[in-house]
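Undergrad: starting from these lines, generate the structure:
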Amino acid sequence: MAEISASMVMELRKMSGQGMMNCKKALQESSGDIKGAMEILRKKGLATLAKRAGRATSEGVVLAKSSPDGDVTAMASLCCETDFVAKSDAFLTAVDTLEDYAIACPQFEGIDNLLKVEIDGKKFDEVLNELISQTGEKTEIGDYQKYKVAPTELTCSYIHFNKKVGVMVMIETSDPKVAAAEGLKKAGTEVAMHIAATNPLALDKDGIDPEIIEQEKAIMAEQVKDKPANIIDKIVEGKMRKFYTENCLLAQPFVKDDSKTVAEVIAQAGKEAAGRAKIKKFVRFTVG
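TA: Here you go, the predicted structure:
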């Protein structure tokens, strides 16, 4: 058996983030080969993941990062089993690393695409396996999405203080100067906070799954089945208007000023910037 020096153990520990005993055992198994020891630690992570495959990952963090020019904004969630691990240095370091991988990912959605992104010769699934090996918990990417804007567009993001809810909202405008206006950026961020709080189903009623709409209509019709037959449809229609107002972002009363809808808030911000603005799309991630 090759002699394992303290410096070798420290080098592997620095590379992997593992404890000294785990590093020493891996080096012993690999006969002192650092790369081989790293592979052993990664396989240990995979084995842990397989063993805990059925466990729930209800803790973790939602993260968002924009490129320096603001043209690209990416949001993702990294999920684990316990709050203890979610607050650990190893997990939070992986969160910071995931931000860079999310920005670098050439695809705009798809967890598998993000796992395959390579930075400095290392794919994120390798980073993930090392984290799993280190913490002993099932850990996975929960969600991933990236927006890229044109000169007349902007993306605003918001991560709630508990880091368990995150939102990205894209706004399109009539002019690059409008898109760059600080007032519109502020309004967009406030709308992202609104989305975090209200969790709308869609941008407008056209974006709601038709199956959900039919289910709601059936429930409402059942609620008023004892009313005269000739007015049931009108009652259901009125209830559906309220349903759309409550669940469609553009029609929702703005949480900071319920005398205005969300659509009106963004339109007003665009007007104040000497142009036009409207919300194009949004995405909301949650952990737990």
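Undergrad: would you map the helices across this structure?
TA: 6-16, 20-29, 34-51, 83-86, 89-104, 111-115, 124-135, 176-179, 182-198, 210-223, 229-247, 262-272 (DSSP state H).
Undergrad: which one, of these, ends up nearest to Asp143?
TA: Among the helices of the chain, helix 111-115 comes nearest to Asp143, with 7.5 Å by CB to CB. (Each C-beta comes from the backbone N, C-alpha and C, glycine too.)
Undergrad: hang on, the earlier thing: and among the helices of the chain, the most buried is which?
TA: With neighbours taken as mean count of other CB atoms under 10 Å, the helices of the chain reach their highest mean count in helix 124-135, at a mean of 22.
Undergrad: name the helices or strands packed onto that helix?
TA: helix 6-16, helix 34-51, helix 89-104, helix 111-115, strand 140-148 (3 or more CB pairs under 8 Å, 6 or more residues apart in numbering; DSSP states H and E).
Undergrad: now these in a markdown table, with distance to Val191 and mean pLDDT?
TA: Compiled in a markdown table, the helices and strands packed on helix 124-135 are given as follows (distance: least, CB to CB, whole Å; pLDDT from 0 to 100):
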| stretch | distance to Val191 | mean pLDDT |
| --- | --- | --- |
| helix 6-16 | 42 | 74 |
| helix 34-51 | 38 | 69 |
| helix 89-104 | 22 | 97 |
| helix 111-115 | 26 | 95 |
| strand 140-148 | 14 | 97 |
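Undergrad: out of these, which gets nearest to Ile159?
TA: Taking CB to CB, helix 89-104 is the member of the helices and strands packed on helix 124-135 nearest to Ile159, at 11.0 Å.
Undergrad: what does that closest one rub up against?
TA: 17, 61, 63-67, 72, 74-76, 78, 80, 85, 114, 117, 119, 124, 127-128, 131, 134-135, 139, 141, 144, 146 (CB atoms under 8 Å, 6 or more residues apart in numbering).
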